[in-house]
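> Predicted coordinates and the sequence they were generated for:
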Amino acid sequence: MSPTTRRVLQAVLYEAIAIAVVGPGLSLAFDEPPTSTFGLAVVLSTIALTWNYVFNWLFEKWEARQAVRGRSFARRLAHGAGFEGGLAVILVPVMSLWLGITPAAAFAANLVLLAFFFVYAIVFTWAFDRVFGLPASAAVREPTR
């Protein structure tokens, strides 16, 4: 499988499963109709995918101007915090308006989603790699003689 095909397949499966889990979860948590929370899950997923693209583009533009190259732990931590913080700034008002809840309740729900996605991303990536194999960048190479 080509790297591009693999990335697209991984993103589509990741988001489809996330929507299938988050939609009903929000329905139960906020006593909202599943059709409404499924729609919200699709909107949240679309926002997250778009923000991922925009944030990484901006981060890489910033990163290219830095004197120190590479991705240290501090830089990775800044990347993760920037991505998740920016996403929360976008998602909290959307969730608050859609669900008719306070921004504080939407922020709390966003924290729960953050914890869920932390675990889900690890489990999903492991399962995806088990089913489809490792990408070329991570495959074990045979020693050369």
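Thanks, I have the structure now. Residues are numbered from 1 along each chain as shown.
> When you work out contacts or count neighbours from here on, use the C-alpha atoms and nothing else.
Noted.
> elements contacting the helix or strand that contains Gly80?
Using DSSP states H and E, Gly80 sits within helix 73-99. Identification of packing neighbours for helix 73-99 by 3 or more C-alpha pairs under 8 Å, 6 or more residues apart in numbering; DSSP states H and E yields helix 34-64, helix 103-132.
> From the chain's centroid, how far away is it?
10 Å (C-alpha atoms, centre = their mean, to the nearest Å).
> what angle sits between that helix and helix 103-132?
Here helix 73-99 runs at an angle of 120 degrees relative to helix 103-132 (axes from the mean of the first three to the mean of the last three C-alpha atoms, to 10 degrees).
> Now do the buried residues in helix 73-99.
Using 16 or more other C-alpha atoms under 10 Å as the test for burial, helix 73-99 gives His79, Phe83, Glu84, Leu87, Ala88, Leu91, Val92, Pro93, Val94, Met95, Ser96, Leu99.
> Could you single out the nearest of the residues you listed to Ser36?
For the buried residues of helix 73-99, the closest approach to Ser36 (C-alpha to C-alpha) belongs to Leu99, at 8.7 Å.
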